[in-house]
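Novice: Build me a model from this:
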Amino acid sequence: MSRPQGLYSAFVDTAILAAVRTPWVDCGGALAQVSPIDLGIKVGRAVLMRAGVDSAVVDCVLAGSMAQASFDAYMLPRHIGLYSGVPQAVPALAVQRICGTGFELLRQAGMEVANGAERVLCVAAESMSRNPIAAYTHRGGFRLGAPVQFKDFLWEALFDPAPGIDMIATAENLASRYGIQRTQVDAFALASFERALAAQQQGWYAEELVAVGNERFALPGYQDRAIELPRGVERVEQDSHPRSTSLAALARLRAVHAGGVQTAGNSCAVVDGAAAALVGRESTASGPVLARLLAVTAVGVAPEVMGIGPVEAIRLLLARSELSLDQVDLFEINEAQGAQVLAVQQELQIDSARLNCYGGSIALGHPLAATGLRLCMSLARQLRQGNLRYGVAAACIGGGQGMAVLIENPGFRPESQNGEREASRVWMPPAWLPLRVACRLQKQ
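Specialist: Down below sits the predicted model:
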């Protein structure tokens, strides 16, 4: 039997000590003019404060951001580290695996801990609003009469020239392969919005959020950096995209591709935001940790069906970790497109009651580099809340890849003497989740 292909990294005595994020704000909204570096500094400082860790003890800085959204983008990891208070001697590294960047940060951090680091600062920041209008062919000047081409980087980046299709079309390919209908995709999107909106209204997200206001970041001997919000906006305190909708409203939206199932309403929202996690040794942590980081996988799949990437990543993760699908209490799978998540769910036969219980990127948004950290943060909090043990977060990746992360609740207490997972501990919708959503989830 051939060995499954892909990267598998397992970790011992490694934990996510703390994690935070900014609110996710719609493209063109209150964070539109804020550099991702400054968003990264904000969460970098906040996660160290939340962990109760002095920045002087950080051994490594890892940071990720997809688009070059400011002219000093080359310095993003270094400036995030320095302005977060990390010692000047501590190096910084840029990490990039598109939608899997947040997961890759954790994988790299785990390897640094295995190599002797005690504390690793992971930061992911994305400004979708500041993606440039770019030209790559005019460095030598403009020839008389030759066409001048400037293109929208944010739009063009969604096209994969290898198969010659865009990211939405990859989801359409999966919809065709798995027989997924438009009504199913819209119903999935509606559940995402209702779950996220209910959680937001009950303040569930508040624990992982840090408000963003007008502020300056000083670094002795160097220029100050700052966050400056639009006139009239003093603070941004919650995610902006969750909203009330209906199947009828979603059904009225035009498909991106004629005859297809994907629309603007059942695909991930375009937002700005940042997230940070502090990774280190559980045995030397000064207090309770957020989650144990057990293993991470990264795999490749066909680019034209890139959305199926989580399937192979999860299969490799469970096989190498010697766990069954039933032993995983909860899943957080990035909602790049509704049909893509439904294809993954169908292939792995994951019941809806264990999948994206508090909404996903359709409702909240997907700031590319930062999403992976949000998924793991939310997953860890759900495990703690429900006294559940194992959780898996996963995402598809443009170009044909998938990543998955296995975490464990350090506070898990088995209810049976032999420690087996009991039926009574299967996740149930919180009492505040709208009844119509809870009923629909249990039936799916």
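Novice: and Asp326, what are its phi and psi?
Specialist: Dihedral angles of Asp326 (phi, psi; degrees, to the nearest 10) stand at phi -70, psi -20.
Novice: Which pLDDT value does the model give it?
Specialist: According to the prediction, Asp326 has pLDDT 97.
Novice: same thing with Thr101?
Specialist: 98.
Novice: element containing it, please.
Specialist: Assigned by DSSP states H and E, Thr101 belongs to helix 101-114.
Novice: helices or strands next to that helix in the packing?
Specialist: With contacts defined as 3 or more CB pairs under 8 Å, 6 or more residues apart in numbering; DSSP states H and E, the packing partners of helix 101-114 are strand 7-10, strand 14-21, strand 60-64, strand 119-126, strand 271-281, strand 291-300, helix 371-386, strand 401-408. To be clear about C-beta, it is placed using only N, CA and C from the backbone, and glycine gets the same treatment.
Novice: isn't Arg177 right up against Leu342?
Specialist: No: Arg177 lies out of contact with Leu342 (CB atoms under 8 Å); the separation is 11.3 Å.
Novice: These two: which has the busier surroundings?
Specialist: Neighbour comparison, Arg177 and Leu342: the larger count goes to Leu342, with 24 against 14 (by other CB atoms under 10 Å).
Novice: show me what contacts that one?
Specialist: 175, 178, 180, 184-185, 188 (CB atoms under 8 Å, 6 or more residues apart in numbering).
Novice: just curious, which of the residues you listed is nearest to Ala264?
Specialist: Each of the contacts of Leu342 was checked against Ala264 using CB to CB; the closest is Val185, at 12.2 Å.
Novice: So, low pLDDT: which residues of this protein?
Specialist: Applying pLDDT under 70 to the chain picks out residues 1-3, 416-444.
Novice: need the helices for it, in chain order.
Specialist: In the chain, the segments counted as helices under DSSP state H are 36-51, 76-83, 101-114, 153-156, 167-178, 182-201, 247-251, 309-321, 338-348, 361-364, 371-386, 435-443.
Novice: Is it possible to get the ones you listed out as a markdown table so that each row also shows distance to Pro91?
Specialist: Below are the helices of the chain laid out as a markdown table (distance: least, CB to CB, whole Å):
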| stretch | distance to Pro91 |
| --- | --- |
| helix 36-51 | 15 |
| helix 76-83 | 8 |
| helix 101-114 | 11 |
| helix 153-156 | 29 |
| helix 167-178 | 34 |
| helix 182-201 | 37 |
| helix 247-251 | 47 |
| helix 309-321 | 29 |
| helix 338-348 | 36 |
| helix 361-364 | 32 |
| helix 371-386 | 21 |
| helix 435-443 | 46 |
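Novice: most packed of these?
Specialist: Burial of these is given as mean neighbour count (mean count of other CB atoms under 10 Å); helix 361-364 ranks first at a mean of 29.
Novice: for the helices and strands packed on helix 101-114, which one sits closest to Ala196?
Specialist: Of these, nearest to Ala196 by CB to CB is helix 371-386, at 10.5 Å.
Novice: tell me what that closest one is packed against?
Specialist: Packing contacts for helix 371-386, counted by 3+ CB pairs under 8 Å, 6+ apart, involve strand 14-21, helix 101-114, strand 119-126, strand 271-281, strand 291-300, strand 330-333, strand 390-397, strand 401-408.
Novice: residues contacting the closest residue to His79 other than its chain neighbours?
Specialist: Spatial nearest neighbour of His79, excluding adjacent residues (CB to CB, 6 or more residues apart in numbering): Ile37 at 5.2 Å. Taking CB under 8 Å, 6+ apart, we find Ile37 in contact with 70, 72-73, 75-76, 79-80, 125, 225.
Novice: Widest-spaced pair of those?
Specialist: Using CB to CB, the contacts of Ile37 reach their maximum pairwise distance at Ala73 and Arg225, which is 13.8 Å.
Novice: of those two, who's got more company?
Specialist: With neighbours defined as other CB under 10 Å, Ala73 and Arg225 compare such that Arg225 has more, 20 against 17.
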